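Enquirer: Here's a sequence, model it:
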Amino acid sequence: MILEQYYIECLSHASYLIGDESSGTAIVVDPRRDVDGYLEDAQRYGLKIVGVVNTHFHADFVSGHLELRDATDAWIAFGESAETEYPIKRLTHGERISLGDVDIEVLSTPGHTWESISLLIREYADAVPTAVLTGDSLFIGDVGRPDLANLGDGTNTDLAQAMYRTIHNVLLALPDSVTVMPAHGAGSSCGKNMSDQLTSTIGEQRRTNPSVAPMSEGSFVDMITAGQPSVPSYFATDVALNKSARTLLDPARVVPQLSFADLRAEMSSGTAILDARSVEDFAAGHLAGTVNVGFDGRFAETGGMVAEIGDRIVLITYPGEQQEAAKRLARIGSDNVIGFVNSGGTFPAELIDLVRTAPRTTVSELAQLLADDAVTLVDIRNPGEREFGTIAGAVSIPLAQLRSRIDELPKDRPVIVHCAGGWRSSVAASLLRAQGLEHVTDLAGGYNAWLAA
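Expert: Coordinates of the predicted model:
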């Protein structure tokens with residue numbers, strides 16, 4: 001049996017290739033849009049990809065099921081309640097997918113979404129199960145949040161109750177030796193307390209995962225409906241894209257380099273300019289109106305928070321990073337990167353009139369400003385992060401909500417934003433300045449620096 005995990009840090013996303021060497025067949029589970037890795041490994045193992053299974057409609061990325069179908073003529077499958085614009089197989093609880101000797105049992109595991117399924121893998125029929133691919137149902141250290149499938153329609157409690165039954169009646173009923181292989185890890189917005197481990201076992205989760213500890217259904221519902229990360233606005237768009245017969249990703253597309261005159265024209269026309277350089281280089285010198293989304297962080301997800309899917313985007317990157325940056329944005333459906341400009345830390349004389357610096361506020365400076373009531377402090381961390389401590393007087397506006405809540409901030413008073421360590425606050429401060437707020441800085445080192453001081 002072949003069981004490969006593919007993990008991308010930028011989205012904390014795991015996908016899988018399951019193959020049977022005797023029959024030479026394989027399926028891919030929860031694929032990303034750039035599918036070359038699956039195709040290359042299938043060829044290396046001598047496998048034909050015959051099917052693609054999505055454990056649910058993903059919200060945080062655009063799944064690569066259509067790209068794989070185009071490349072391999074594979075069938076596409078979801079849980080039985082899924083509705084799509086393209087033909088699918090609807091998988092029911094207890095149904096078996098046979099890949100020669102390898103046996104895959106479908107488990108209905110609603111809770112994160114109604115159509116959610118997990119896949120229980122055996123090396124041959126009637127063998128002790130080897131692994132379970134849990135999608136966004138059971139994570140390492142957590143369970144999937146219940147509010148992404150029904151944003152705004154008030155049915156989250158029903159999904160949370162379904163998750164309780166999924167965990168206790170289906171997944172924890174499996175043997176302790178079964179390897180747990182979820183679709184996401186630490187940092188994903190699909191849960192709040194995920195481990196940075198990429199696999200575990202049912203027995204280990206039974207012992208160490210606080211979200212699956214014995215408790216009443218009511219206590220479980222209260223726990224998983226509170227303190228979840230704020231939902232980026234692009235999540236609803238990606239769910240819709242994953243249900244639709246959307247445009248395929250072009251793996252051969254190369255984002256063109258723009259002249260400085262072209263860049264200036266795009267800036268004048270309102271094109272979103274994402275500066276993917278480090279926080280330090282951005283602070284030392286950047287172009288007015290650009291937003292700092294560092295390539296060294298959660299670039300794709302954060303890019304989806306500051307620019308709408310479909311917006312025209314120009315990238316400012318270090319040399320050699322531009323194509324990878326565009327590919328990461330394409331993974332969330334943001335396909336309209338129209339060009340790039342490289343900067344190793346400085347800008348040419350042709351753009352010198354647009355160059356600005358971004359002074360950062362130190363902890364001691366912030367303390368004095370707060371004592372003098374001379375600033376509005378904005379905490380852009382997620383609710384769960386604030387449970388571990390806050391700076392007195394800070395207004396809570398999570399980064400994912402900042403664009404839609406800018407009107408809540410004063411235009412005639414200095415604003416300082418802070419996150420945990422200083423990466424997201426650079427995003428937030430630059431976004432606010434790009435949206436017209438003039439007196440905005442961020443806290444160097446974030447809440448961690450404040451706490452240490």
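Enquirer: Now name the helix or strand holding residue 426.
Expert: Residue 426 is part of helix 423-434 when elements are defined by DSSP states H and E.
Enquirer: Sorry, wrong one. I was asking about residue 339.
Expert: strand 337-342.
Enquirer: Tell me the gap between the helix or strand just after that strand and the middle of its chain.
Expert: The element immediately downstream of strand 337-342 (helix or strand, assigned by DSSP H and E) is strand 355-356. Distance, stretch centre to chain centre, for strand 355-356: 31 Å (Cα atoms, centre = their mean, to the nearest Å).
Enquirer: for strand 355-356, what is the average pLDDT?
Expert: Averaging pLDDT along strand 355-356 yields 96.
Enquirer: Can you point out the buried residues in whichever helix or strand comes after it?
Expert: Sequence order places helix 363-371 as the next helix or strand after strand 355-356, per DSSP H and E. Residues 363, 365-366, 369-370 are the ones in helix 363-371 that count as buried (16 or more other Cβ atoms under 10 Å). Heads up, the C-betas are built off the backbone N, CA and C, glycines and all.
Enquirer: any chance of those residues in TSV, plus pLDDT and distance to residue 183?
Expert: Below are the buried residues of helix 363-371 laid out as TSV (pLDDT from 0 to 100; distance: Cβ to Cβ, whole Å):
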residue	pLDDT	distance to residue 183
363	98	38
365	97	43
366	97	39
369	96	43
370	96	42
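Enquirer: Run through the helices of the chain in chain order.
Expert: Using DSSP state H, the helices of the chain run over 36-45, 65-72, 156-165, 202-208, 217-224, 234-243, 260-268, 279-284, 299-306, 322-330, 363-371, 383-386, 423-434, 446-452.
Enquirer: Out of these, the one nearest residue 345 is which?
Expert: Taking Cβ to Cβ, helix 279-284 is the member of those nearest to residue 345, at 4.8 Å.
Enquirer: ok, residues contacting that closest one?
Expert: 275, 292, 294, 343, 345, 357-360, 422-423, 426, 430 (Cβ atoms under 8 Å, 6 or more residues apart in numbering).
Enquirer: next one: it to chain centre, how far?
Expert: Between the centre of helix 279-284 and the centre of its chain there are 25 Å (Cα atoms, centre = their mean).
Enquirer: Just the terminal-to-terminal distance for stretch 396-410.
Expert: In stretch 396-410, first residue to last residue: 14 Å (Cα to Cα, to the nearest Å).
Enquirer: Using the record's assignment, carve this structure into domains.
Expert: Residue ranges for each domain of the chain read 2-243, 260-356, 363-452, as given by automatic domain parsing.
Enquirer: Throw these into TSV and include distance to residue 251, thanks.
Expert: Output for those, formatted as TSV (distance: least, Cβ to Cβ, whole Å):
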stretch	distance to residue 251
domain 2-243	6
domain 260-356	9
domain 363-452	29
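Enquirer: Quick one, which of those domains gets closest to residue 254.
Expert: domain 260-356 (6.7 Å).
Enquirer: All set now, cheers.
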